[in-house]
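sequence? don't have it. structure:
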Ligand code: HEC
Ligand code: HEC
């Protein structure tokens, strides 16, 4: 046998092995390739368990950025809407209405009670006290960046922030106004609002309408956007995240958190079942209540994770008191990862910290509200 024959035979053997990789559907890693091309779903199912004791591995910001760009994008400057063009006048009106407790039955509860703009858009309560201290059964999500979500509420029952804003005003356990007319009666009794509505909705003969209340509050909410170091990173500044945050981001991708938490808000793009890989006990039927579709039982909108280290407690019912609690639940019940160790939790924390941003102080400052007039109804504590 001449040496010339060896070469072709070896290539042939290699080609066979490569063909086996393809036909047997072996994981890319088994075939000697980097596993970065795997689909997210597979990454979740096959993420190899890491040795638990080794020192923190070196990590490259450039490589992590490459992987991250497939799942995330920076926040927009504001969440524009084709159907509700944003104007300064509309925003000014929306800001006032957001802070105005006269939109509640006892004139003691405004949007800002449950979604505090100096508190990351939440009240940090398990459930929030509304009219007469009543509480609903769901946790108040943050209003910050919420306008970028594909739908509103845990179960998506409102299409956008404009529609959403009209719900709590009439909700008997929240602001408890008896009817749309009652709301308009209050607004029309406050002289300053006549000018503000006219400026916000020019050309409308009778601009103080319930729908316009939603449009104004919605326009204001569309500017509640909180860019953070993670956005700098996504825009190409690979040193914007410290090493532990990079490790957390890599883990977030490897564990398949990105199957659900994607987009500029790391969530708010789809519904998913709580307990998607392992049954999780929860009373709330979630999206099923809206669709009556069996497949939607215990499904919720995947929440966004911007500012999440500041918005405890967690989950639709506020049942996870700390971030560690909810990270453990996610790893075990939503991914094939299973339990997290201390290092992994620390890395995820470090990553999630980089999602904390601030909203422009001037933009969210409580304005001076127009004064009540002689016909403004008295508060009704009943
Ligand atoms: C008494 C507390 C309370 C008040 C007052 C209140 N909310 Fe909420 N808000 C909640 C709760 C609880 C939810 C979640 C309910 C659900 O999903 O079923 C929510 C949901 C939302 C959401 C959806 C966010 C998301 O990620 O889906 C937005 C936006 C919002 N509220 C804005 C407002 C605005 C604007 C007002 C004033 C008009 C307001 N809220 C008044 C408690 C409150
Ligand atoms: C299969 C989809 C899915 C995957 C995968 C997933 N999540 Fe979630 N995540 C959800 C859903 C749905 C919720 C809301 C569930 C609820 O409130 O009942 C949620 C909630 C959360 C919350 C709480 C947010 C809040 O404001 O209450 C955090 C934090 C979180 N996930 C982080 C993670 C991390 C970290 C991973 C990866 C280890 C992960 N998730 C994987 C679907 C998923």
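Cool, got the structure. For clarity, every value in this text was computed on a predicted model and none was experimentally measured. Ligands and ions are numbered 1, 2, ... in the order given.

okay, CA-based contacts and neighbour counts for the rest of this
Will do.

quick check: which element contains whichever residue of the stretch 1-150 of the chain sits closest to ligand 2?
For the stretch 1-150 of the chain and ligand 2, the shortest gap (C-alpha to the nearest ligand atom) falls at residue 141, measuring 6.4 Å. Assessed by DSSP states H and E, residue 141 sits outside every helix and strand.

what distance do you get for it to ligand 1?
In this view, residue 141 and ligand 1 are 5 Å apart by C-alpha to the nearest ligand atom, to the nearest Å.

can you list phi and psi of the closest residue to that residue other than its chain neighbours for me?
Of all residues not flanking residue 141 in the chain, residue 122 sits nearest, at 6.4 Å (C-alpha to C-alpha, 6 or more residues apart in numbering). Per-residue torsions, residue 122: phi -140, psi 180 (degrees, to the nearest 10).

residue 122 against residue 146, yeah?
No: using C-alpha atoms under 8 Å, residue 122 makes no contact with residue 146, being 11.7 Å away.

rewinding a little: residues touching the residue nearest to residue 141, list them.
When contacts are counted by C-alpha atoms under 8 Å, 6 or more residues apart in numbering, residue 122 touches 114-116, 140-143, 311.

which among those residues end up buried?
Among these, those classed as buried by 16 or more other C-alpha atoms under 10 Å are 114-116, 140-143, 311.

same list, the residues you listed, but as CSV with pLDDT and distance to residue 68 please.
What follows is the buried ones among the contacts of residue 122, written out as CSV (pLDDT from 0 to 100; distance: C-alpha to C-alpha, whole Å):
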residue, pLDDT, distance to residue 68
114, 98, 33
115, 98, 30
116, 98, 31
140, 97, 29
141, 98, 25
142, 98, 24
143, 98, 25
311, 98, 24
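
where in this protein is pLDDT low?
1-54 (pLDDT under 70).

any residues of it in contact with ligand 1? List them.
Counting by C-alpha under 6 Å from any ligand atom, the chain comes close to ligand 1 at 98, 109-111, 113-114, 128-130, 138-143, 146, 152-155, 161, 165, 168-169, 174-175.

OK, contacts around residue 289?
Residue 289 touches residue 297, counting by C-alpha under 8 Å, 6+ apart.

tell me which helix or strand it sits in.
If you go by DSSP H and E, residue 289 is part of helix 288-291.

that helix and ligand 2 in contact?
No: shown here: helix 288-291 not in contact with ligand 2 (C-alpha under 6 Å from any ligand atom), separated by at least 12.9 Å.

going by the annotation, which residue ranges form each domain of the protein?
Following automatic domain parsing, the chain resolves into domains at 35-75+227-353, 88-225.

helix/strand/coil for the most centrally placed residue in the chain?
Residue closest to the average C-alpha location in the chain (C-alpha atoms, centre = their mean): residue 304, at 1.6 Å. Assigned by DSSP: H, G, I helix; E, B strand; the rest coil, the conformation of residue 304 is coil.

separation between it and residue 109?
To residue 109, residue 304 is 25 Å away according to C-alpha to C-alpha, to the nearest Å.

kindly report the same for residue 190.
17 Å.

which one of these two is surrounded by more residues?
Set residue 190 next to residue 109 and count neighbours by other C-alpha atoms under 10 Å: residue 109 wins out with 23 against 19.

which residues of this structure fall in strands?
271-273, 299-301 (DSSP state E).

so which of those strands is the most surrounded?
Mean neighbour count (mean count of other C-alpha atoms under 10 Å) peaks for strand 299-301 among the strands of the chain, with a mean of 24.

just checking, what packs against it?
strand 271-273 (3 or more C-alpha pairs under 8 Å, 6 or more residues apart in numbering; DSSP states H and E).

so residue 193 is in contact with residue 370, correct?
Yes: using C-alpha under 8 Å, residue 193 makes contact with residue 370 at a distance of 6.7 Å.

more neighbours: which of these two?
residue 193 (21 against 14).

and that one, how far is that from residue 55?
Distance from residue 193 to residue 55, by C-alpha to C-alpha: 62 Å.

cool, residue 210 as well?
Counting by C-alpha to C-alpha, the gap from residue 210 to residue 55 is 59 Å.

for those two, work out which one has more neighbours and name it.
Neighbour count, other C-alpha under 10 Å: between residue 210 and residue 55, residue 210 has more, with 14 against 8.
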